[in-house]
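Enquirer: Here you go, sequence then predicted model.
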Amino acid sequence: MAAKRIGILTGGGDVPGLNAVIKSVVYGSSHHDVEVVGIRRGWKGLTHVNLINGEDPQYILPLNRRNTRTVDRTGGTFLHSSRTKPSRMKAPDVPDHLRPKLGSFKEIAPGVLDLTPAVLENLQQLGMDALVAIGGDDTLSYARTLHDERFPVICVPKTMDNDVPNTEYCIGFSTAITRAVDNIQRQRTTIGSHERIGIFRIFGRDAGFTALYTAYVSSIRCCIPEHRFDLQKLIDLLMTDKKNNPSNYALVVLSEGATWTGRKIEEYGEADAYGHRKKVNIAEAFSQQVKRLAKEDTVVSDLTYDLRGGAPDFLDKMVATTFATMAVERIADGASGLMTAIQQGRYVDAPIPAAGAKARSVDLTTMYNTERYRPNYANKAGLPIFLTKLDLPG
C-alpha cells in the first residue's frame, strides 16, 4: 500500500453511522500498517490547524483501534463537524495565524477568500498521503476540489436527504426513516385523541426522498419539493381522510422544501459557506392555512433534528462499514476522485460529484402520485429498493 498516513474527516450535518465509518477505516487501515489521523471539525480542521508548534490537538486526533473500539455504538461524529468551505471563507473568519498571509490568497468575491493553498500546505506538513472525506453534497464538492488539485481523496456519502448524485443510498437515510416512522406512530395517539390534523415537517431541502419513504410505510400523504401542491386540494383530501377515519384524524408529512402553488418559499438568516439559508417552517405555514380555510385544529411536529440523534439502525451500520472498507481498498489501489456508492442495488465506486452538480430528486413519473399526494406503490418488480431511476453522468 503506497499510503502510509491518511486523514479522515466528517463535514456538514451529523447523521447516525458516521462513527461506524471512522472505526472501520481505522480497523481496515491497520491491516495495511497505515496510520489514520482524525481531522476534527471537518474542513475547518484543515484551515484552522496551527502546525507551528507541532500537531494541534484542537484539530488533529491520531486514531487507533483502542480509541475507536466503541465509537460505532453511538450516533453523531466524535470527530465533530462544521459547515466550513475553505474555498469560500470570509476574511473575518480566517484564523489568526494565517492573517499575515491574507494578501496571498485569491479573493473570489469581495471579502471572500480561497484558502485551498493553506489546506494543501497543511496536508503536506501533516504527512498525509490521502484523505477520506465523509459528507453530503457540500462536503463532497470541496473534496472534489482537492482531487482536482491532485491530492488523493476518496469520499463516503452521507445525508438524511439521500440526494447525493451518483448513488442510490447515503448513510443516515435508513435511520432517519426509522425514527420518523416511530415518531409519527407514537403521535397518532395524541392526534387521534384530540381529533386533529397532524402535520409533520421533515428534512428535504431540494429532494423529497425522506418524506416520500416515511409516507410510504406510514400510509399517509406527503408533499415534496419536486412538486408544488394545490393548497385547497390537499386540505380537502385531509378533511376526507379525517372524515373516513373512525378515530377522526388525518396526517401529512411535508419536506422542508415543499410548498404550495402561488407561495414563495421564504428563507431567513445569514447564508452559510455553501449559500444555504434556513427555510421558514412549511408545517407551521400550512397549519395556519388549515385553520383559516378548514377551521380545523392541528398538531404541528418538527421531526428534523430528532432524526439525527442516537445510534444507526442495522442498514446504516452495515452500509457504513462496507463503504469504509471500500474506501480503504481504493486508497490501497492508489485511486482518487472516487466515492463509495450503491447503484442498481449494488456496491460500486463512482466519481465524486462535480462541484455544482444537481442533487438527485424524486422521479415524479414513477415514485409519486401528484394527484393524491402519496407515494406510488405499484410496478416495483425489478427495481432497486430505494430508487426507480438513477441518472448517471454521461
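Expert: In hand now; what should we look at?

Enquirer: In terms of pLDDT, where does the residue nearest to the spatial centre of the chain sit?
Expert: Note on the chain: the residue nearest the mean C-alpha position is Thr159, at 2.0 Å, using C-alpha atoms, centre = their mean. Turning to Thr159, the model gives it a pLDDT of 95.

Enquirer: Could you shift the numbering so residue one becomes 651, and keep it that way?
Expert: Fine by me, first position is 651 from now on; the one you just mentioned is Thr809.

Enquirer: Look up how far Phe859 lies from it.
Expert: Relative to Phe859, Thr809 is positioned 10 Å away (C-beta to C-beta, to the nearest Å). Glycine gets a C-beta too; all of them are placed from N, C-alpha and C.

Enquirer: Could you pull up the contacting residues of Trp693?
Expert: Going by C-beta atoms under 8 Å, 6 or more residues apart in numbering, Trp693 touches 659, 661, 732, 734-736, 769, 789, 792.

Enquirer: Only whichever of those residues are buried, select them in PyMOL.
Expert: Here is the PyMOL selection string for the buried members of the contacts of Trp693, based on 16 or more other C-beta atoms under 10 Å:
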select buried, resi 659+661+732+734+735+736+769+789+792
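
Enquirer: Pick out whichever of the contacts of Trp693 sits closest to Ala1000.
Expert: Thr789 (15.7 Å; C-beta to C-beta).

Enquirer: Am I right that that closest one is in a helix?
Expert: Yes. The secondary structure assignment for Thr789 places it in a helix, going by DSSP: H, G, I helix; E, B strand; the rest coil.

Enquirer: Hmm, it is touching Val782, no?
Expert: No. Using C-beta atoms under 8 Å as the test, Thr789 is too far from Val782 to be in contact (11.5 Å).

Enquirer: domain parsing for the protein?
Expert: What automatic domain parsing lists as the domains of the chain is 655-821+962-1001, 824-959+1013-1025.

Enquirer: and Arg871, what are its phi and psi?
Expert: Backbone torsions of Arg871, given as degrees, to the nearest 10, read phi -80, psi 160.

Enquirer: now it: how far from Asp886?
Expert: Using C-beta to C-beta, which is the criterion applied here, Arg871 is 11 Å from Asp886.

Enquirer: Please apply the same query to Arg655.
Expert: Computed with C-beta to C-beta, the distance linking Arg655 and Asp886 is 62 Å.

Enquirer: what's the answer for Ser731, then?
Expert: From Ser731 across to Asp886, the span is 43 Å (C-beta to C-beta).

Enquirer: Which one's more surrounded, those two?
Expert: The residue with the greater number of neighbours, taking Ser731 and Asp886 and applying other C-beta atoms under 10 Å, is Ser731; the counts read 24 against 13.

Enquirer: Contact partners for the more buried one?
Expert: 660-664, 691-692.

Enquirer: and Asp998, what element?
Expert: Just so we're on the same page, residue 998 is Val rather than Asp. Val998 belongs to strand 996-1001 when elements are defined using DSSP states H and E.

Enquirer: Name the residues of the helix or strand following that strand that are buried.
Expert: Proceeding N to C from strand 996-1001, the next assigned helix or strand is helix 1014-1017, under DSSP H and E. Buried residues in helix 1014-1017, defined by neighbour count with 16+ other C-beta under 10 Å: Met1017.
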